[in-house]
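**Student:** Give me coordinates for this.
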Amino acid sequence: MLGLWKTRRARRAAVATIAPLVERNRLNGIPERIWLDPYMVGFLVMLITLLAKREVDALDSQALGLVQCEAWTEITGMKSDLIGAEVIHLSAAGHKTFERGCVDARAFDLALYGTS
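**Tutor:** Below is the predicted model:
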């Protein structure tokens, strides 16, 4: 039960930070396909991870994966089954654009919070 509570808390923290930024830009017509672009996958999932870990320090890999999928779904409005396999594939392949998104998410997090 404690694990579910931590997962929910971590997801809510990530969504509360990211969703308003996305909503402001959604008015400009963000195309749905952008959410599966390797750069955006890396950026968004890494940012979700950093925010979730800031909120709940002790998340195991299964809980973190759940947070990533659920937060990504809430933020993008797309089905969560699309993102899990995509992250694993891009990460395992060492996809450079995906990795650049991850690095940039760390820089964005640093700009927001001053620590990473």
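
**Student:** looking only at pLDDT, what's the mean for the helix or strand harbouring Asp104?
**Tutor:** Assigned by DSSP states H and E, Asp104 falls within helix 96-113. Per-residue pLDDT over helix 96-113 has a mean of 94.

**Student:** Going by contacts, tell me the helices and strands next to that helix.
**Tutor:** Identification of packing neighbours for helix 96-113 by 3 or more Cβ pairs under 8 Å, 6 or more residues apart in numbering; DSSP states H and E yields helix 38-55. Every C-beta, even on glycine, is put in place using the N, C-alpha and C of the backbone.

**Student:** Quick check: buried residues in the next helix or strand along the chain from the helix it packs on?
**Tutor:** Sequence-wise, the next helix or strand downstream of helix 38-55 (DSSP H and E) is helix 61-76. The neighbour-count check on helix 61-76 (16 or more other Cβ atoms under 10 Å) flags 63-76 as buried.
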